[in-house]
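Novice: make a model of this:
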Amino acid sequence: MSRETRSGRSAHLARIALGETGFERAAVWSAVGFACSYVAFDMAEIAVGTAVSLGATTVPQTLTGSVFGIVAALTAVGVVAFAATGGGAVPAILLAYGPFAAALLRTIGPEPYALPLAAPVSFLAAVVEPLGVSVAAAVAVGVAGYAVGRVVAGVGSAGEGAGDPSETERASEAEERADANAND
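Specialist: Numbers count the residues shown, from 1 in each chain. Sure thing, here's the model as predicted:
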């Protein structure tokens, strides 16, 4: 294998991992996703409380599962859109981590808005578990969303291999040759 082939493959792998758009966009959307997802559980509780106080009789007592499902679905759509617009696999994972961390902290984590200073070890254990699970969820959704996003963007279509020039590159090369021949 020649040095050029290895460097071309390395560049291709780096483009897959990092993408054309950087970590900055993914980090911002991850933080926004964390904040919105964390507050979504409070909004659902407020909606249930308001409906019950207004006399509704068929209101579920908790919407935790529904809110988690909505957060997961919106996160998956966001990761696919991010990858389709040039985001890499690693930033896609980072983007998915924020909403999943918030949703899992609210569903299986410690009591929100309370810091039990008397038992810090049990509190840390209660925080670390959902954050660890959210890493696994972010990797799964990030990688799958990246694959789907690239297919949606047309990068995964047949005929476009790692070494094949795209149609635009071939057209620009043909134009350059035509210009060079015209100047001769």
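
Novice: list the buried residues for the helix or strand hosting Ile93?
Specialist: Assigning secondary structure by DSSP states H and E places Ile93 in helix 89-108. Neighbour counts using 16 or more other CB atoms under 10 Å place 89-106 of helix 89-108 among the buried residues. (Each C-beta comes from the backbone N, C-alpha and C, glycine too.)

Novice: got a list of contacts for stretch 95-114?
Specialist: Where contact means CB atoms under 8 Å, 6 or more residues apart in numbering, the residues beyond stretch 95-114 that reach it are 26, 29-38, 41, 64, 67-68, 71-72, 74-76, 78-79, 82, 87, 116, 123, 126-127, 129-131, 133-135, 137-138, 141-142, 145.

Novice: centre of the chain versus the biggest helix by length in the chain, how much separation?
Specialist: As assigned by DSSP state H, the longest helix anywhere in the chain is helix 120-153. Its chain's C-alpha centre and that of helix 120-153 lie 9 Å apart, by CA atoms, centre = their mean, to the nearest Å.

Novice: now that helix: buried residues?
Specialist: 123, 126, 130, 133-135, 137-139, 141-146, 148-150, 153.

Novice: stretch 46-63 now?
Specialist: Neighbour-count burial for stretch 46-63 [16+ other CB under 10 Å]: 48, 63.

Novice: dump it to PDB, restricted to CA.
Specialist: What follows is stretch 46-63 as a C-alpha-only set of coordinates in PDB (Å, rounded to 0.1, in the frame of the first residue of the first chain):
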ATOM      1  CA  ILE A  46     -47.100  21.400  35.400                       C
ATOM      2  CA  ALA A  47     -49.500  20.400  32.500                       C
ATOM      3  CA  VAL A  48     -50.700  17.400  34.500                       C
ATOM      4  CA  GLY A  49     -51.100  19.500  37.700                       C
ATOM      5  CA  THR A  50     -53.000  22.200  35.800                       C
ATOM      6  CA  ALA A  51     -55.300  19.700  34.100                       C
ATOM      7  CA  VAL A  52     -56.100  18.000  37.400                       C
ATOM      8  CA  SER A  53     -56.800  21.300  39.200                       C
ATOM      9  CA  LEU A  54     -59.100  22.300  36.400                       C
ATOM     10  CA  GLY A  55     -61.200  19.100  37.000                       C
ATOM     11  CA  ALA A  56     -59.900  16.800  34.300                       C
ATOM     12  CA  THR A  57     -60.600  13.200  35.300                       C
ATOM     13  CA  THR A  58     -58.700  11.200  32.600                       C
ATOM     14  CA  VAL A  59     -55.300  12.700  33.000                       C
ATOM     15  CA  PRO A  60     -52.400  10.300  33.500                       C
ATOM     16  CA  GLN A  61     -50.600  11.000  36.800                       C
ATOM     17  CA  THR A  62     -47.200  10.900  35.100                       C
ATOM     18  CA  LEU A  63     -46.000  11.600  31.600                       C
END
